[in-house]
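Colleague: 3D, please:
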Amino acid sequence: MRNRRAPENRKEKIFEAALQCFNKKGYYKTSVDDIASRCRISKGGIYYHFRSKEQIFRELYSFKVTRYFEWLKTHIQEANDPAERIRLLAKKTGQILKENQDFFKFCLEFLSMAVREPGIRKEMTVFYQGTVKTFTQLIEDGVSAGTFKNLDSKKVARLLYLLFMGVFFTYFSTDIDFDLIDQETFNINTLLKGIQKS
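Modeller: Alright, predicted model coming up:
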């Protein structure tokens with residue numbers, strides 16, 4: 001009996017090879033030949049799974065981000081207290097950034113291309129909207145539990161999103177002078193002081 005996971009495993013192998021190629025040469029200088037050579041699959045094998053280099057690029061982003069985000073959502077449920085969930089979110093996010101630096105370096109190029117490429121901008125918009133929706137629910141849970149002040153939940157959610165994205169951009173684009181987890185903890189504790197009831 002044929003292994004049903006085989007095509008998915010092959011796609012993940014292509015994604016890993018593509019990630020290395022995109023990080024080394026950039027999107028525009030990477031070819032499908034480069035990806036095929038890196039993962040030791042024929043060019044035809046690549047085209048069996050993907051129509052184009054652009055599809056590989058976009059699906060690589062979507063596949064990894066979805067996996068990490070679902071993992072985060074599962075793990076923050078370990079905490080019952082809404083404030084503790086947000087602290088856990090910051091800690092786990094920092095952990096993912098540290099442990100998956102190759103992918104998040106790739107994300108910098110992906111994000112920069114959203115300025116010029118409507119398809120990539122659409123992907124980023126979906127991610128932004130989904131993240132803000134999740135964060136909004138976290139804040140609303142805290143308001144309902146009487147833990148957080150009755151603030152505009154969506155605006156607080158956007159603040160969280162912008163805070164995380166600022167850390168992400170700075171961590172991967174500068175020579176940082178801070179410990180990532182320590183700074184994330186400080187950021188979230190400072191935010192929580194502003195939204196928690198006394």
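
Colleague: okay, CA-based contacts and neighbour counts for the rest of this
Modeller: Will do.

Colleague: count the residues that sit near the residue lying closest to Asp81 once chain neighbours are set aside.
Modeller: Distances taken as Cα to Cα, 6 or more residues apart in numbering place Gly142 nearest to Asp81, at 7.9 Å, with adjacent residues excluded. By other Cα atoms under 10 Å, 23 other residues sit near Gly142.

Colleague: do you know how far Gly142 is from Lys197?
Modeller: Gly142 is 10 Å from Lys197, where distance means Cα to Cα, to the nearest Å.

Colleague: equivalent analysis for Asp102, please.
Modeller: Distance, Asp102 to Lys197, using Cα to Cα: 40 Å.

Colleague: coming back round to it: remind me what the helix or strand in which the residue nearest to Asp81 is found packs against, helices and strands.
Modeller: Using DSSP states H and E, the element containing Gly142 is helix 118-144. In terms of contacts (3 or more Cα pairs under 8 Å, 6 or more residues apart in numbering; DSSP states H and E), helix 118-144 is packed against helix 53-76, helix 82-99, helix 101-113, helix 153-173.

Colleague: identify the contacts common to Gly142 and Lys197.
Modeller: Phe148 (Cα atoms under 8 Å, 6 or more residues apart in numbering).

Colleague: show me how the chain divides into domains.
Modeller: 1-50, 53-195 (automatic domain parsing).

Colleague: list the buried ones in stretch 15-28?
Modeller: For stretch 15-28, burial by neighbour count (16 or more other Cα atoms under 10 Å) applies to Phe15, Glu16, Ala17, Ala18, Leu19, Gln20, Cys21, Phe22, Asn23, Tyr27.

Colleague: can you check stretch 36-49 too?
Modeller: For stretch 36-49, by 16+ other Cα under 10 Å, it's Ala36, Arg38, Cys39, Ile46.
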